[in-house]
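> need a structure here:
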Amino acid sequence: MIQCEGLVKIYKTDDLEVVALQGLNLSVSDGEMMAIIGNSGSGKSTLLNILGGLDRPSAGQVRVGPWDLLKASDDDLVKYKRDTVGFVWQNNARNLMPFLTALENVEMPMMFSGKLDRAYAKQLLEWVGLKDRMHNKLTQLSGGEQQRVAIAISLANKPQMLLADEPTGSVDSRTSDMIMDIFRRFNRELGLTVVIVTHDLSLAGKVDRVVAIRDGLTSTEFIKRNPNLDNAPSLHGSGGGLDEVHEAYVVVDRVGRLQIPKEFLQALDIKDKASMEFDGEKILIRAPKSLEGETA
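Residues are numbered from 1 along each chain as shown. Just a heads-up that it's a prediction; the model follows:
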């Protein structure tokens, strides 16, 4: 579904240049549910905006399904955003129109696309647990209920991929769990590809793969071992949880670069140089003898 190679994004002003993405590589399979984590300024939200067609890359390659987002025209991006991708923001105000009811909000993107389907809009609100609240104005809904309306809106035009930028950042832990269960249900029953950007590490147990971004590059991946998808929640009823054990991998790009976790480098006092050798089975990385006096 997603293929990024050497993705670069540079923001320029008259006297400043910021490189937000520095040749990032990322692959996401069709129907996958994964999360992207990273500290503030790591480039994760920039990546999500590019995948959502809200920002254009400076260089590299980025494809989503059949779409080449580097070469897409403005008209192409309008169609892409309308039909292929759904977006959920942390800030509800970017998703919702407060003077409309929940149902009218879900119907709005359908109307823009010329394919109003009230029965499906009602079904979406029922799936997110708002069957009895669909005719309420947004001022009559809690923050968590508003965010669930926003999820229904993002799926109104039946996109192939859902992007969520800190979707649980402004709700309590109980509502956060409910929102993640909703994502899992749509992922499993509708085959929806779900990409979540978050700084909340507790979400890792609720997705199949977590990709960490540092300094505009993918650094580490955490992949769930043998996820028990048979116990995943269903759109038509609740189910058990998922195995929360993940295995960590350092990401190696196409030219052999990898990002070693900072805590490993600090433990060995490795700074700008390291020695490396291959013993036939393993690659050994050590602090340089000339700098340390002995190997780490």
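> give the contact list for the spatially closest residue to P167 that is not a sequence neighbour.
By the measure of CB to CB, 6 or more residues apart in numbering, the closest residue to P167 outside its immediate chain neighbours is V88, 4.9 Å from it. C-beta: built from backbone N, CA, C; applies to glycine. Shown here is V88, whose contacts under the criterion CB atoms under 8 Å, 6 or more residues apart in numbering are 95, 147, 150-151, 154, 162-165, 167.
> can you name the residues bridging to V88?
With beta bridges defined as DSSP bridges, V88 has these partners: A164.
> how much space separates it from F183?
Distance of V88 to F183, given as CB to CB, to the nearest Å: 9 Å.
> also V211?
Taken as CB to CB, the span from V211 to F183 is 16 Å.
> low-confidence ranges, the stretch 1-150 of the chain, go.
Judged by pLDDT under 70, the stretch 1-150 of the chain has its weakly predicted residues at 92-93.
> helix, strand, or coil at D14?
coil (DSSP: H, G, I helix; E, B strand; the rest coil).
> and G52, how many neighbours?
21 (other CB atoms under 10 Å).
> thought it was touching V85?
Yes - in terms of CB atoms under 8 Å, G52 counts as a neighbour of V85; the distance is 5.6 Å.
> quick check: neighbours shared by these two?
L163.
> so where do the strands sit in this structure?
Counting by DSSP state E, one finds strands in the chain at the ranges 2-12, 17-28, 33-37, 59-64, 67-68, 85-88, 161-165, 193-198, 209-214, 217-224, 246-250, 275-278, 283-286.
> let's have the ones you listed in JSON lines, adding distance to N187.
Output for these, formatted as JSON lines (distance: least, CB to CB, whole Å):
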{"stretch": "strand 2-12", "distance to N187": "15"}
{"stretch": "strand 17-28", "distance to N187": "12"}
{"stretch": "strand 33-37", "distance to N187": "4"}
{"stretch": "strand 59-64", "distance to N187": "17"}
{"stretch": "strand 67-68", "distance to N187": "21"}
{"stretch": "strand 85-88", "distance to N187": "12"}
{"stretch": "strand 161-165", "distance to N187": "8"}
{"stretch": "strand 193-198", "distance to N187": "5"}
{"stretch": "strand 209-214", "distance to N187": "12"}
{"stretch": "strand 217-224", "distance to N187": "13"}
{"stretch": "strand 246-250", "distance to N187": "17"}
{"stretch": "strand 275-278", "distance to N187": "40"}
{"stretch": "strand 283-286", "distance to N187": "36"}
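> please tell me how far L163 sits from Q259.
Taken as CB to CB, the spacing of L163 relative to Q259 amounts to 24 Å.
> out of those two, which sits in the busier spot?
The residue with the greater number of neighbours, taking L163 and Q259 and applying other CB under 10 Å, is L163; the counts read 27 against 18.
> out of the contacts of V88, which two sit at the greatest distance?
Q147 and L163 (14.7 Å; CB to CB).
> quick one: residues contacting the residue lying closest to P261 once chain neighbours are set aside.
Sequence neighbours aside, T220 is the residue nearest to P261 in space, at 6.6 Å (criterion: CB to CB, 6+ apart). When contacts are counted by CB under 8 Å, 6+ apart, T220 touches 211-212, 248-251, 259, 261.
> can you tell me how far T220 sits from M276?
Here the criterion is CB to CB. By it, T220 lies 19 Å from M276.
> dump the residue contacts of the nearest residue to L125 once chain neighbours are set aside.
Residue nearest to L125 in three dimensions, not counting chain neighbours: M134, with 4.5 Å by CB to CB, 6+ apart. Under the criterion of CB under 8 Å, 6+ apart, the contact partners of M134 comprise 101-103, 122, 125.
> how about these in a markdown table, adding neighbour count and distance to I37?
As requested, the contacts of M134 are exported to a markdown table (neighbours: other CB atoms under 10 Å; distance: CB to CB, whole Å):
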| residue | neighbour count | distance to I37 |
| --- | --- | --- |
| T101 | 19 | 35 |
| A102 | 28 | 31 |
| L103 | 20 | 34 |
| K122 | 18 | 35 |
| L125 | 25 | 30 |
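> now, the most widely separated pair of those residues?
Spatially, the most separated pair among these is T101 and K122, at 11.5 Å (CB to CB).
> can you give me the helices for the stretch 1-150 of the chain?
Taking DSSP state H, counting those that start in this stretch as the criterion, the stretch 1-150 of the chain contains helices spanning 44-51, 74-83, 102-112, 118-127, 143-154.
> just the buried positions in the second one, please.
For helix 74-83, the buried set under the neighbour-count rule, 16 or more other CB atoms under 10 Å, comprises 77, 80-81.
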